[in-house]
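Participant: coordinates only, no sequence provided:
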């Protein structure tokens with residue numbers, strides 16, 4: 001079972017930036033896909049970016065294109081999410097996830113709070 005641990009959240013002023021990190025505990029993640037999700041207060045969780053571990057293919061939700069960058073450092077076994085030009089409506093719990101099987105995000109982190117004021 002893969003445990004994911006996020007870090008990097010916090011409080012930031014509008015227009016600021018954050019870089020979130022996600023590390024699989026217990027060793028490198030050997031699956032095919034990882035991603036970032038967010039859940040704003042009173043809203044459903046949504047996928048915002050995904051990346052395939054074996055190649056450069058990435059996906060961004062339309063709502064975040066141009067302001068987010070997902071990346072993975074295999075040497076450091078770390079998944080990143082760079083978020084720029086933050087807006088108050090981006091306030092949410094951001095979680096990383098990984099495939100436990102094809103097209104199934106079965107491994108999740110506990111989430112990290114991002115608050116934009």
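Facilitator: Nice, I can see it. This structure is a prediction, so every number in the text was calculated from the model and none was measured. Numbering: from 1, shown residues only.
Participant: can you tell me which residue is nearest the centre of the protein?
Facilitator: residue 36 (2.7 Å; Cα atoms, centre = their mean).
Participant: from what I can see that one touches residue 94, true?
Facilitator: Yes - counting by Cβ atoms under 8 Å, residue 36 touches residue 94, with 6.2 Å between them. C-beta coordinates here come from the backbone N, C-alpha and C atoms, glycine included.
Participant: please identify every residue contacting each of these two.
Facilitator: 20, 81 (Cβ atoms under 8 Å, 6 or more residues apart in numbering).
Participant: shouldn't residue 32 be in contact with residue 50?
Facilitator: No - taking Cβ under 8 Å as the definition, residue 32 is not a contact partner of residue 50, at 10.3 Å.
Participant: can you pick out the residue with more neighbours from these two?
Facilitator: Using other Cβ atoms under 10 Å as the criterion, residue 32 and residue 50 rank with residue 50 on top: 20 against 14.
Participant: how close does the nearest residue to that one once chain neighbours are set aside sit to residue 13?
Facilitator: Leaving aside its chain neighbours, residue 50 sits nearest to residue 35 (3.6 Å; criterion: Cβ to Cβ, 6 or more residues apart in numbering). As defined by Cβ to Cβ, to the nearest Å, residue 35 lies at a distance of 27 Å from residue 13.
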